[in-house]
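J.: sharing a model that was predicted from the sequence below.
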Amino acid sequence: MKWLNKFTALNFVLLFALAFSVAGCGTSLSNLSPIQPVHNIAKAKMEQSKNPNEEVVVPAVPAESLAKPVLDKYGMETVGFWIGKARDANMEVLTYIFAFDEYAHAEDEWNNFLSEWQETQNQIELGTGEDRKMVDVIMMSDHPQLFEVQSRQKILTKTVDGITVSIAYWRRPDLDRKYNRGNAFSPFYETEALHQGDKTDVFYVKITNNRSENIIFDVKKCQIIDQGENIYHGLNYKDLDERLLYMARATGLYVKNGMAIARRILIEKRMPVVEKQVGAHRTGIPPGKSAEGFLPFVQTKYNALELKVILPIEKAPPPGAAQRYQTIEFEFPFTHDRGIRVAQPSPRRY
């Protein structure tokens, strides 16, 4: 009998420990972001060593003999990558994610690195046959002070033709804590009962124009594309206003105050008019200036895994030139985790 009691007690302790560990996992998942930048190199290498898979490319450094001296000079290392197929790796664009020590955001050093890296990149891309690699370079940093509204997630930064774009994802619980409070609904307010297509995924974006001409940015042309070619469009102020009007619980003063907040925090509303046309004004960023704010999208599907956030920016031609506007697509790689999405806390007011 004593043996049986001890056995029962042991089972009870083990059951309690299991329940505690499961609860702990749930808590940790709920604190993570369902959308995160790229893939972690170290984790991918470990997984591939256990289960080699030709669908996954785990690059160390592109054309190491050419690239490593430049990376070492600026104290940079490869911290992430965009997944591709091994058989196509040499002929497709590989997006490499570089970072300074401890994920510091060093804007001057980044620009200096890019100036020297361009020649190296040209040599890599001019290679022939199996040695040819198209290379796309992004910086990852952990520097909340880069933004006026400080981010809790890592930041991706890309510079092309004198335009620098930085982007970070915002979890809904963090948005609720900051904006869904007092006598106002968050502009991104949602309930659990809403359909996936009526919910949002929200990013914070900063665009700096170091060109000598204006640039044009239209949030409605932005989109997220997943691995199944599903497209999730960017939402503007009007879209957010209509979302709240459709919600039975979102009425009156709370909605009015929430949309007043939207006017202050959306990147769409924080850009000046840089071009006036008949019947329409185009917003963007003048030379030497920056604009930043939140950019919402239709929420991604639960089965999404690989995400490409695409932000098209139009470059104005020089004054008096006969050239047309040219569009640069800033593409940022993110990943989505269904388990973390499901584990997110319920919407809450503060």
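T.: That came through, no problem. Residues are numbered from 1 along each chain as shown.
J.: so the residue nearest to Gly258 when sequence neighbours are not counted, which state does it fall into?
T.: Among residues not flanking Gly258 along the chain, Phe185 sits closest, at 3.9 Å (CB to CB, 6 or more residues apart in numbering). Glycine gets a C-beta too; all of them are placed from N, C-alpha and C. With DSSP: H, G, I helix; E, B strand; the rest coil as the basis, the three-state label of Phe185 is coil.
J.: I figured Phe185 was touching Leu253, is that so?
T.: No: Phe185 lies out of contact with Leu253 (CB atoms under 8 Å); the separation is 9.7 Å.
J.: more neighbours: which of these two?
T.: Between Phe185 and Leu253, Phe185 has the larger neighbour count (other CB atoms under 10 Å), namely 27 against 10.
J.: can you read off the pLDDT for the more buried one?
T.: Phe185 is assigned a pLDDT of 89 by the prediction.
J.: and what of the one 5 residues further on?
T.: What the model reports for Glu190 is a pLDDT of 88.
J.: looking at this, it is in a helix?
T.: No: under three-state DSSP, Glu190 falls outside any helix and is assigned coil.
J.: how many neighbours does the residue nearest to it when sequence neighbours are not counted have?
T.: Excluding the flanking residues, the one nearest Glu190 by CB to CB, 6+ apart is Lys199, at 4.9 Å. Each residue near Lys199 was counted by other CB under 10 Å, and the total is 18.
J.: surely Lys199 is in contact with Tyr189?
T.: No: with contact defined as CB under 8 Å, Lys199 does not count as touching Tyr189 (10.1 Å).
J.: okay, buried residues for stretch 197-210 please.
T.: For stretch 197-210, the buried set under the neighbour-count rule, 16 or more other CB atoms under 10 Å, comprises 199-209.
J.: again, but for stretch 328-338
T.: Applying 16+ other CB under 10 Å to stretch 328-338 flags 328, 330-337 as buried.
J.: again with stretch 143-162
T.: With burial defined by 16+ other CB under 10 Å, the residues of stretch 143-162 counted as buried are 143, 146-147, 151, 153-159.
J.: that one: how far from the chain's middle?
T.: 10 Å (CA atoms, centre = their mean, to the nearest Å).
J.: and it, how far apart are its ends?
T.: In stretch 143-162, first residue to last residue: 21 Å (CA to CA, to the nearest Å).
J.: contacts for that stretch next, please.
T.: Residues outside stretch 143-162 that contact it (CB atoms under 8 Å, 6 or more residues apart in numbering) are 33, 36-38, 97, 103-105, 110-111, 114, 137-142, 164-171, 174, 178, 204, 206, 209-211, 265, 292-294, 315, 328, 330, 332.
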